[in-house]
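Undergrad: only the shape, not the letters, is given here:
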């Protein structure tokens, strides 16, 4: 990981304002092409996306320049972006879905959220699947200038789960056939059906570590909206409950296993879900009902930890803005690394489904109980 300093420099990706360590850049010196790159790839995703933006200098209002798409985006077709894979130093297939040794990205356009920079962003995408092992080499070449920017990263696999795992990341998964799991068999029943309804109880989703360095989870709750009545024209929607990051130092020993455990109270979950529902502009006269949960486990690399540290807000009075780079010779600013995702769907127990109907944080959204009864808020 290498760094470089600068005095006043604007980039097309505000998220890539990271750290440095040598030589102040002279803004009056001849222009040198130094793109900013955000390339955090996930083998479990069906599409990979890379953002590459231009660093721009100017004498005018920086805020106004940042709102000009041409100031931050490379012209269409100017960049050639590819991935190559090596196993033990030997070239290998880069994708199980593509017999070629090289993955080539294509131009695309997305509309980002309004902010300091123009909302029209040129990105580079591929639908080729990635392996979960080996070393990938990212090459970004400016066809017009001939400049090339290279970075390397090791692919990582997702967390391992299965019959020896912990809830909610262990089977059986949604949908569970009615009658296949008996309430008289508590261990199997608890693994099949999720219940986080008790407000003061502490729950603790767990999973085993992989070769990653940073870990987190997300719980996604799916519900049906019934605009014209139950079972007529239902619309599936979801709301998320996010957790903070954990690191290797946070591993716990549980049942003689090293695991990551994410503790929360039922009240914390309903409070957060209620807040996130408030941002969805829901029609509170429409009946709705929870019906399943998706649990995500995310991991990433030490490079990503470094990236997060150097992009975090600075409390220093120093004028130099930190810049991060893991590209060869610091030729580009930004990051190339891997993250992973593992997800499962789980059934919800009836008390959990019903809790959304009368809980103080969610009752105003007209959730039905498990028996399709509109209990609602109570005085």
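TA: Looks like it came in fine. All of these numbers come straight from a predicted model, not from anything done at the bench.
Undergrad: if I look at the residue lying closest to residue 47 once chain neighbours are set aside, how far off is residue 105?
TA: With sequence-adjacent residues excluded and distances taken as C-beta to C-beta, 6 or more residues apart in numbering, residue 47 is closest to residue 127, at 5.3 Å. C-betas here are computed from N, CA, C, even on glycine. Going from residue 127 to residue 105 by C-beta to C-beta, to the nearest Å gives 10 Å.
Undergrad: shared neighbours, the two?
TA: residue 48 (C-beta atoms under 8 Å, 6 or more residues apart in numbering).
Undergrad: ok, those two, which is more surrounded?
TA: Between residue 127 and residue 105, counted using other C-beta atoms under 10 Å, residue 105 has the larger neighbour count: 22 against 13.
Undergrad: show me what the helix or strand where residue 352 lies is packed against.
TA: Here residue 352 sits within helix 350-358, counting by DSSP states H and E. If contacts are counted by 3 or more C-beta pairs under 8 Å, 6 or more residues apart in numbering; DSSP states H and E, helix 350-358 sits against helix 266-278, strand 287-300.
Undergrad: quick one, strands of the stretch 101-250 of the chain?
TA: Taking DSSP state E, counting those that start in this stretch, the strands of the stretch 101-250 of the chain run over residues 102-104, 106-111, 120-126, 135-142, 148-154, 193-194, 202-203, 206-207, 214-226, 235-242, 246-247.
Undergrad: can you tell me which of the ones you listed is nearest to residue 77?
TA: For residue 77, the closest of those is strand 106-111, at 6.7 Å, according to C-beta to C-beta.
Undergrad: so what does that closest one touch, helix or strand wise?
TA: Against strand 106-111 (3+ C-beta pairs under 8 Å, 6+ apart) you get strand 120-126.
Undergrad: mind listing what the strand it packs on pairs with, with the direction of each?
TA: strand 48-53 (antiparallel), strand 106-111 (antiparallel) (DSSP bridges).
Undergrad: quick one: contacts of the last one?
TA: Looking back up the chat, that one is strand 106-111. With C-beta under 8 Å, 6+ apart as the test, strand 106-111 has contacts from 49, 76, 77, 79, 119, 120, 121, 122, 123, 124, 125, 126.
Undergrad: ok, 10 Å please
TA: With C-beta atoms under 10 Å, 6 or more residues apart in numbering as the test, strand 106-111 has contacts from 47, 49, 51, 69, 73-79, 81, 118-127.
Undergrad: for residue 35, give me its contacts.
TA: Contacts of residue 35 (C-beta under 10 Å, 6+ apart): 11-13, 16, 51-55, 74, 79, 140, 142, 147, 149, 327, 331-334.
Undergrad: what's the nearest residue to residue 73 if we skip its chain neighbours?
TA: residue 122 (4.2 Å).
Undergrad: ok, the one you found to residue 149 distance?
TA: 16 Å.
Undergrad: okay, the two: which has more neighbours?
TA: Just comparing residue 122 and residue 149: by other C-beta under 10 Å the higher neighbour count belongs to residue 149, 26 against 21.
Undergrad: isn't the more buried one up against residue 332?
TA: Yes: with contacts counted by C-beta atoms under 10 Å, residue 149 reaches residue 332, the gap being 4.1 Å.
Undergrad: which neighbours do these two share?
TA: Joint contacts of residue 149 and residue 332 (C-beta under 10 Å, 6+ apart) are 33, 34, 35, 37, 52, 138, 140, 325.
Undergrad: ok, how many other residues are close to the fifth one?
TA: Here the number of neighbours of residue 52 (other C-beta under 10 Å) works out to 26.
Undergrad: the fourth one now?
TA: Here the neighbour count serves as a burial measure; for residue 37 (other C-beta under 10 Å) it reads 24.
Undergrad: who's in contact with it?
TA: 13, 16, 50-53, 81, 124, 138, 140, 149, 151, 325-327, 332-336.
Undergrad: try the fifth one
TA: Counting by C-beta under 10 Å, 6+ apart, residue 52 touches 12-13, 35-39, 73-74, 78-79, 81, 105, 121-124, 140, 142, 149, 332, 334.
Undergrad: same thing with the first one?
TA: Shown in contact with residue 33 (C-beta under 10 Å, 6+ apart): 54, 55, 142, 144, 145, 146, 147, 149, 331, 332.
Undergrad: cutoff 7 Å now
TA: 142, 145, 147 (C-beta atoms under 7 Å, 6 or more residues apart in numbering).
Undergrad: out of those, the closest to residue 273 would be?
TA: Closest to residue 273, out of all of those and judged by C-beta to C-beta, is residue 142, at 46.2 Å.
Undergrad: the closest one contacts residue 80, correct?
TA: No: between residue 142 and residue 80 there is no contact under C-beta atoms under 7 Å: 8.1 Å.
Undergrad: neighbour count for those two, which is higher?
TA: Taking neighbours as other C-beta under 10 Å, residue 142 and residue 80 compare with residue 142 leading, 17 against 14.
Undergrad: run through the bridge partners of the more buried one.
TA: Here residue 142, judged by DSSP bridges, has bridge partners residue 79.
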